[in-house]
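Asks: Quick one, what's the 3D model for this:
(one chain, ligands or ions: 1)
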Amino acid sequence: MHPLSLEFEAGAWLAPPARDCAQRGPRQQAGLGLRLQGIAKSYGARQVLQGVDLEIAPGEFVAVVGRSGCGKSTLLRLLAQLESADGGALASDDGQPLARHREDIRIMFQEARLLPWKTVLDNIALGLAGPDARERAREALAQVGLAERAQDWPARLSGGQRQRVALARALVHAPRLLLLDEPLGALDALTRIEMHRLLESLWQRHGFTALLVTHDVAEAVAVAGRVLLIEDRGVALDRRIELPRPRQHGAPAFARHEAAILGRVLQRPAEAAEPPPLRLVSARFAT
Ligand SMILES: Nc1ncnc2c1ncn2[C@@H]1O[C@H](COP(=O)(O)OP(=O)(O)OP(=O)(O)O)[C@@H](O)[C@H]1O
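Replies: A predicted model of the protein is given here:
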């Protein structure tokens, strides 16, 4: 597909507003704001995050970048409450502990994690209650442009299609906070750009707050309104990206943001791998 047709394609995926969102009322539709204070997290002796203070406004689209192992996914897992912080407070912008908002938060991973023995539609409907569960699942599927694949098995979909199903499975719950842990990491470049446009359209339409962890600085600049760099156990850079949407990869202003962030990441050399301990195996000397 020619890149110029991507915008049209992404737009074509958009269906009328999801009834599920409309049913939940205005308060629940709004994005969830976040207030993190003094967050600390260690794994054994390895301190990954320390004293992290962060405020995210309702409905912001934030990307989190940084070198491998800096703690990006750890931050997301704490927000998803898959793990607990050792210290500090995780709250929503109204001051409530984040633990009270479990139902408002959904997470997507690099792998779609679909159940292979269930159809696409049944994967999305999983955990939904009520007589209209399947109808709501169909609406979510239509929103990611896969209405016609409802009865397919996940194994028959491409990687990009599987991620769109995973996105529909999150959307059907009308999340107020969508956490995205490298969900596009395994996709080819064109599919990634299509997914950027789709994510952007859905975010604009539904108003959820989005946090995207990515290795790809260009991806961060393509979709986020704000990019955070994690380094030295905390937020080392917090940069606003005020560019019109949809964004043009390679346009001068786009390239300037990308270069500035990348330059900041590369200022510091990669952490040297720990040298292996010296070991004297055997020594023989010729006489
Ligand atoms: N369950 C765990 N047990 C022990 N150490 C862990 C665990 N999870 C993460 N770590 C360590 O914490 C650090 C941060 O991991 P994290 O997955 O958050 O990094 P990341 O920035 O997301 O990396 P990547 O970009 O490579 O995915 C790493 O050093 C990692 O080895």
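
Asks: Name the nearest residue to the residue sitting nearest the centre point of the chain, sequence neighbours excluded.
Replies: With distances taken as C-alpha atoms, centre = their mean, the residue of the chain nearest its centroid is Leu180 (1.5 Å). Once flanking residues are discounted, Leu180 sits nearest to Leu212: 4.3 Å by C-beta to C-beta, 6 or more residues apart in numbering. Heads up, the C-betas are built off the backbone N, CA and C, glycines and all.

Asks: counting contacts, what elements does the strand or helix carrying that neighbour pack onto?
Replies: Per DSSP states H and E, Leu212 falls inside strand 209-213. Packing partners of strand 209-213 (3 or more C-beta pairs under 8 Å, 6 or more residues apart in numbering; DSSP states H and E): strand 61-65, helix 72-79, strand 177-181, helix 189-206, helix 217-223.

Asks: what angle sits between that strand and helix 189-206?
Replies: 160 degrees (axes from the mean of the first three to the mean of the last three C-alpha atoms, to 10 degrees).

Asks: Is Glu231 in contact with Lys72, as I believe?
Replies: No. Applying C-beta atoms under 8 Å, one finds Glu231 not in contact with Lys72, separated by 10.5 Å.

Asks: anything in contact with each of those two?
Replies: Residues touching both Glu231 and Lys72 (C-beta atoms under 8 Å, 6 or more residues apart in numbering): Gly66.

Asks: Between the two, tell me which one has more neighbours.
Replies: Neighbours per residue (other C-beta atoms under 10 Å) separate Glu231 from Lys72, with Lys72 holding more: 25 against 17.

Asks: unless I'm mixing things up, that one is touching Val227, no?
Replies: No. Assessed by C-beta under 8 Å, Lys72 is found out of contact with Val227, at 11.8 Å.

Asks: Which neighbours do the two have in common?
Replies: Counting by C-beta under 8 Å, 6+ apart, the common neighbours of Lys72 and Val227 are 64-65.
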